[in-house]
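Visitor: Structure, please.
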Amino acid sequence: MIGPHQAGKQNDGGHLDAEVEYAIALYNGTGTAKDEAGAVALLQEAARKGSAIAQNRYARVLATGRGAARDEIEALKWHLIAKDAGNGDPMLDDMLSKLSSDDRKKAEESAQRWLSGNGESIVGTEPGLEPWQFYGPSSKRGNTTYLHLLMRPYESVTVRGVPIKRVKRVTVLASGQELTFTTRCSIVDSWFNRDPKGEVTIALPEDAIDSLATVLALEMS
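Guide: The predicted structure follows:
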């Protein structure tokens, strides 16, 4: 059983907390039909969004092989990421202590890559865009909005309701790769509004897509 835990405040205004609690209930069959595979998919998604609770629970799933294929290296990776966010787990420390030094090194390097590439978009940020503005989780720090692309994107990503003349640049957070983008707004706004709000469409080439979760940094002036 994955024990319930009070999740901390997340970057999407509490929706992520609810997703994690539902995933735990779904995994355990508490108040709903039991669906371990469905629960694990939700936990994995929430872990990538930055929920330390989900990262811990997903690590437990991978360590035990219940609801997903057992993968101790990946389990240690997510356990280390959760610990970095202050969510330690003595049970996992014990379960994963027998990993070989080579496997532990692989997990540590993988965790560090994840934290280096994505930590800026999660730690110390505030809620980002509204759901109607961007179909996915987002976070914000200062003048930068982080777009978390958890499902494989197509050729482009669109953000709505932003001051298009203030967009300075868009980059892939992990690599720094700069992406091209176009903007549009209504004709009336373009004529009479000095600071019009509209759409930003970001081109996303294949080589910019991360195998786990791509994070884009939208910088505004």
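
Visitor: give the contact list for the closest residue to residue 69 other than its chain neighbours.
Guide: In space, and not counting its chain neighbours, residue 69 is closest to residue 62: 8.0 Å by C-beta to C-beta, 6 or more residues apart in numbering. Quick note: C-beta positions are derived from backbone N, CA and C, even for glycine. Applying C-beta atoms under 8 Å, 6 or more residues apart in numbering, we find residue 62 in contact with 68, 69, 70, 71, 72, 74, 75, 78.

Visitor: out of these, who's nearest residue 139?
Guide: If you rank those by distance to residue 139 using C-beta to C-beta, residue 78 comes first, at 19.4 Å.

Visitor: what about the closest one, helix or strand, and which?
Guide: helix 72-84 (DSSP states H and E).

Visitor: Mind giving me the packing neighbours of that helix?
Guide: Packing partners of helix 72-84 (3 or more C-beta pairs under 8 Å, 6 or more residues apart in numbering; DSSP states H and E): helix 52-64, helix 90-95, helix 101-118.

Visitor: May I have that helix as PDB, with CA atoms only?
Guide: Extracted in PDB, the C-alpha atoms of helix 72-84 (Å, rounded to 0.1, in the frame of the first residue of the first chain):
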ATOM      1  CA  GLU A  72      15.800  -0.200  -8.900                       C
ATOM      2  CA  ILE A  73      18.000   2.300 -10.700                       C
ATOM      3  CA  GLU A  74      15.100   4.400 -11.800                       C
ATOM      4  CA  ALA A  75      13.600   4.000  -8.300                       C
ATOM      5  CA  LEU A  76      16.800   5.300  -6.700                       C
ATOM      6  CA  LYS A  77      16.800   8.200  -9.100                       C
ATOM      7  CA  TRP A  78      13.400   9.400  -8.100                       C
ATOM      8  CA  HIS A  79      14.100   8.700  -4.400                       C
ATOM      9  CA  LEU A  80      17.100  11.000  -4.600                       C
ATOM     10  CA  ILE A  81      15.100  13.700  -6.400                       C
ATOM     11  CA  ALA A  82      12.400  13.500  -3.700                       C
ATOM     12  CA  LYS A  83      15.100  13.600  -1.000                       C
ATOM     13  CA  ASP A  84      16.500  16.700  -2.600                       C
END
